[in-house]
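# Quick one: sequence plus predicted model below, questions after.
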Amino acid sequence: MQQKIAVLPGDGIGPEIVAEALKVLDCLRQDHGLAVETEPGLIGGAAYDETGTPLPDATLALAKAADAVLLGAVGGPKWEPLDYAVRPERGLLGLRSELQLFANLRPALLYPQLVAASTLKPEVVSGLDILIVRELTGGMYFGTPRGVRLNDQGLREGYNTLVYTEAEIRRIGHVAFTTAQKRQKRLCSVDKANVLECTELWREVMIEVSRDYPDVSLSHMYVDNAAMQLVRAPKQFDVLVTENMFGDILSDCAAMLTGSIGMLPSASLDQHGKGMYEPIHGSAPDIAGKGIANPIATILSLAMLLRYSLGQTAAADRIERAVSAALDQGYRTADIYSDGTRKTGTAAMGDAIVAALRLDRSA
Ligand code: IPM
Ligand code: MG
């Protein structure tokens with residue numbers, strides 16, 4: 001049976017970057033016989049504008065029925081005045097939680113061609129290859145009670161809840177350990193166990209899970225130190241595992257080590273490996289519609305999708321080689337541009353990657 005990808009472009013630069021990923025997919029279909037179909041759906045602010053909700057039932061049904069989901073980005077100033085319940089971000093969070101995509105893999109890999117694009121010194125970042133495993137359906141993002149209320153003194157009081165069951169910690173722990181087994185077998189669990197009980201439990205459960213993986217060395221780090229170490233000496237890490245909000249923050253930080261947040265793909269997987277794939281950056285409303293956004297994170301997200309959810313390893317390898325080839329040829333969007341390279345817009349970058357793909361006739 002033909003495999004199906006649900007394609008949800010979303011808001012801001014979402015439609016522009018997803019269009020480039022679809023060009024790449026079309027090329028794989030035409031030139032390399034890849035048999036997948038796509039079906040578009042509404043998400044985020046775009047969905048709210050058309051249907052009054054950021055996650056229409058039709059989109060949820062499409063995402064559930066598809067073999068995998070490719071998402072652009074959601075959100076923008078236009079929808080900021082809305083109630084939390086119908087904000088674009090709720091659409092994304094709703095999909096993550098409805099599909100039980102608890103395991104978010106965010107690789108931060110520095111392409112050697114982009115060493116000069118990082119704000120850090122070349123010796124600090126060259127050869128960087130780390131992976132953040134972020135828990136995605138628990139913690140503060142979903143914990144209740146939450147809200148803003150009036151306290152006894154009549155003052156408004158905002159509150160959220162950081163909560164994890166041991167089962168939730170254990171299942172992300174298993175993903176992190178098995179992922180580390182396929183890499184350098186070093187796992188660093190990031191918590192704030194010196195202050196927060198919830199993450200003290202996180203540490204205890206990680207230690208329990210580690211007994212099943214004697215070949216992986218487990219270390220622990222407080223999140224503040226981890227943020228510092230990521231910019232001080234990022235190559236000390238192989239795989240990091242952490243809770244939802246810490247992972248959100250640390251993955252943006254890790255992204256910048258690679259030159260630009262526009263380079264980083266991600267996979268969000270459920271228990272069975274079904275997943276949603278999206279660039280880790282947001283909708284970048286400030287540059288939306290200008291044709292200058294970097295489509296590479298989305299194109300690499302498509303590669304992850306083909307690799308992890310559709311089992312199309314050769315196609316995924318092809319995409320990754322084509323991205324590297326386009327970079328070799330000097331093509332750079334504004335976010336990764338440096339002297340002596342060719343400044344390229346969104347569509348031209350997509351075209352350059354497709355051209356490289358066409359030339360790649362190897363098995
Ligand atoms: C991310 C984003 C999202 C998050 C937003 C858009 C809700 O920042 O995927 O990292 O906070 O998870
Ligand atoms: Mg984020």
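Received it, and whenever you're ready, just let me know what you need. Predicted model, so just to flag it, every value in this text is computed and none were measured. Ligands and ions are numbered 1, 2, ... in the order given.

# what about stretch 301-319, distance to the chain center?
15 Å (Cα atoms, centre = their mean, to the nearest Å).

# Need the CA coordinates for that stretch. PDB is fine.
Only the C-alpha atoms of stretch 301-319 are listed here, as PDB (Å, rounded to 0.1, in the frame of the first residue of the first chain):
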ATOM      1  CA  SER A 301      13.000  16.900   8.700                       C
ATOM      2  CA  LEU A 302      11.600  15.200   5.500                       C
ATOM      3  CA  ALA A 303      14.800  13.100   5.500                       C
ATOM      4  CA  MET A 304      14.200  12.100   9.100                       C
ATOM      5  CA  LEU A 305      10.600  11.300   8.300                       C
ATOM      6  CA  LEU A 306      11.600   9.000   5.400                       C
ATOM      7  CA  ARG A 307      14.200   7.400   7.600                       C
ATOM      8  CA  TYR A 308      12.300   6.900  10.900                       C
ATOM      9  CA  SER A 309       8.600   6.500   9.900                       C
ATOM     10  CA  LEU A 310       8.700   5.200   6.300                       C
ATOM     11  CA  GLY A 311      11.800   3.100   6.400                       C
ATOM     12  CA  GLN A 312      13.100   4.800   3.200                       C
ATOM     13  CA  THR A 313      16.700   4.900   4.200                       C
ATOM     14  CA  ALA A 314      18.100   5.400   0.700                       C
ATOM     15  CA  ALA A 315      15.900   8.400   0.000                       C
ATOM     16  CA  ALA A 316      16.800   9.900   3.400                       C
ATOM     17  CA  ASP A 317      20.500   9.500   2.700                       C
ATOM     18  CA  ARG A 318      20.000  11.100  -0.700                       C
ATOM     19  CA  ILE A 319      18.400  14.200   0.800                       C
END
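
# Can you list the buried residues in it?
301-310, 312, 315-319 (16 or more other Cβ atoms under 10 Å). Backbone N, C-alpha and C define where each C-beta goes, glycine included.

# so does that stretch get close to ligand 1?
No - Stretch 301-319 lies out of reach of ligand 1 by Cβ under 6 Å from any ligand atom, never closer than 11.6 Å.

# Touching that stretch from outside, list them.
Identification of contacts with stretch 301-319 by Cβ atoms under 8 Å, 6 or more residues apart in numbering yields 3, 5, 21, 24-25, 28, 32, 34, 36, 67-68, 70, 105, 265-267, 269, 273-275, 277-279, 299-300, 320, 323, 353, 357, 360, 363.
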